[in-house]
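**Q** curious how this folds, go ahead:
(one chain, ligands or ions: 2)
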Amino acid sequence: MSLVKADLHMHSCLSPCAGLDMTPSAMVERARDLGLGLMALTDHNSAENVAALRQAAGRLGPGAPVVLAGLEVTTAEEAHLLALFEDLRAALTMQAMVYSHLQPGVNDPEVFGYQIIANADDEVEEFNPRLLIGATDLPVNNLVRRIHGLGGLAVACHVDRPAYSLVGQLGMIPPDLALDAVELSWLAGPATAGQYLGGLNLPVVSSSDAHGLDDMGRAWTEYEIEAPTLAELGLALAGQEGRGIVAIQRRGA
Ligand SMILES: [Zn+2]
Ligand SMILES: [Zn+2]
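**A** Ligands and ions are numbered 1, 2, ... in the order given. Okay, the predicted model is just below:
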């Protein structure tokens, strides 16, 4: 068993609101320098830069972070939900489903920002034209079911924030959701978790939700796991087989 530092929520230059410094090789290098054993790329409603990040991580050699394939999906309730996968094909299946349920429209980069599909050399391959900043028409319970059906983990995002969170949009975390974890933003101290959980017994994690390189490392979670894999992460969140969450950490705290 070893202690693995993980940041499961961050955005590349594909997310319209992210900085253009969030390129594949820059992100994995920064993650390595921060000592992250596990990172997840979770762009808004898309996983189109995951392959490039994985390729860039593969070139780093020893100390490279393992990159999970994720998306930050906007539910019909306008709440953000992380969908985390080991298998890129599962993430791309989720992406195709999300695209077919995404609010129609074309991204205006002057208004929302550029949506760059990059390669592992940090070159622009193309621009994603979809309205990635928009919401899907998929209710959160439906999405959680679909994520689990594809072998993924579902995490309710930044539940301490009034905007785009389950607590902000619905006033509570619905008790019947089979969430794998809830996430506190980098702004919230771990001691505040209880006020958002409404008495629910759910594992609590924290992540950077980085939109720029300087944001990376502002929050992370440490796990006691056998290896940096999604299966081990699932065991740790469930507190099974000796795996577990060790601590939520914040920069400077
Ligand atoms: Zn979010
Ligand atoms: Zn985010």
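
**Q** use CA for all of it now, contacts and neighbours both
**A** Will do.

**Q** tell me where the stretch 51-200 of the chain has strands.
**A** With DSSP state E, counting those that start in this stretch as the criterion, the stretch 51-200 of the chain has strands at 66-74, 80-85, 116-118, 124-127, 153-156, 181-184.

**Q** need these in a markdown table (columns: distance to Glu48 and mean pLDDT).
**A** Listed next are the strands of the stretch 51-200 of the chain as a markdown table, based on distance: least, CA to CA, whole Å; pLDDT from 0 to 100:
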| stretch | distance to Glu48 | mean pLDDT |
| --- | --- | --- |
| strand 66-74 | 9 | 98 |
| strand 80-85 | 14 | 98 |
| strand 116-118 | 6 | 98 |
| strand 124-127 | 11 | 98 |
| strand 153-156 | 19 | 98 |
| strand 181-184 | 23 | 98 |
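
**Q** of all these, which one is nearest Gly134?
**A** Gly134 sits nearest to strand 66-74 of all these, at 7.2 Å, using CA to CA.

**Q** neighbouring strands - and their directions - for that closest one?
**A** Its sheet considered, strand 66-74 pairs with strand 38-44 (parallel), strand 80-85 (antiparallel) by DSSP bridges.

**Q** His211: which of these is closest?
**A** Taking CA to CA as the criterion, strand 38-44 is the member of the strands paired with strand 66-74 that comes nearest to His211, at 9.6 Å.

**Q** what residues does the closest one touch?
**A** Surrounding strand 38-44, the residues in contact under the criterion CA atoms under 8 Å, 6 or more residues apart in numbering are 4-12, 14-15, 31, 47, 49-50, 65-74, 82-84, 132-133, 228-229.

**Q** how does it look with 6 Å?
**A** 6-11, 15, 65-68, 70-72, 132, 228 (CA atoms under 6 Å, 6 or more residues apart in numbering).

**Q** top of the residues you listed by neighbour count?
**A** If you count neighbours using other CA atoms under 10 Å, the busiest of those is Gly70, which has 37 neighbours.

**Q** OK, contacts around that one?
**A** Applying CA under 6 Å, 6+ apart, one finds that Gly70 lies in contact with Ala40, Leu41, Thr42, Ala83, Leu84, Phe85.

**Q** can you pull the pLDDT of the closest residue to Arg146 other than its chain neighbours?
**A** Take Arg146 and drop its neighbours on the chain: the residue closest to it by CA to CA, 6 or more residues apart in numbering is Met94, 7.9 Å away. Taken from the predicted model, the pLDDT recorded for Met94 is 98.

**Q** between the helix or strand where Tyr223 lies and strand 38-44, how many degrees?
**A** Mapping Tyr223 onto the secondary structure by DSSP states H and E places it in strand 219-225. With axes from the mean of the first three to the mean of the last three CA atoms, to 10 degrees as the basis, strand 219-225 and strand 38-44 are set at 130 degrees to each other.

**Q** wait, Arg243 touches Ile225, no?
**A** Yes - here Arg243 reaches Ile225: they are 5.3 Å apart, a contact under CA atoms under 6 Å.

**Q** of the two, who's got more company?
**A** Set Arg243 next to Ile225 and count neighbours by other CA under 10 Å: Ile225 wins out with 23 against 20.

**Q** quick one, what contacts the more buried one?
**A** The neighbourhood of Ile225, defined by CA under 6 Å, 6+ apart, consists of Met1, Ser2, Glu232, Arg243.
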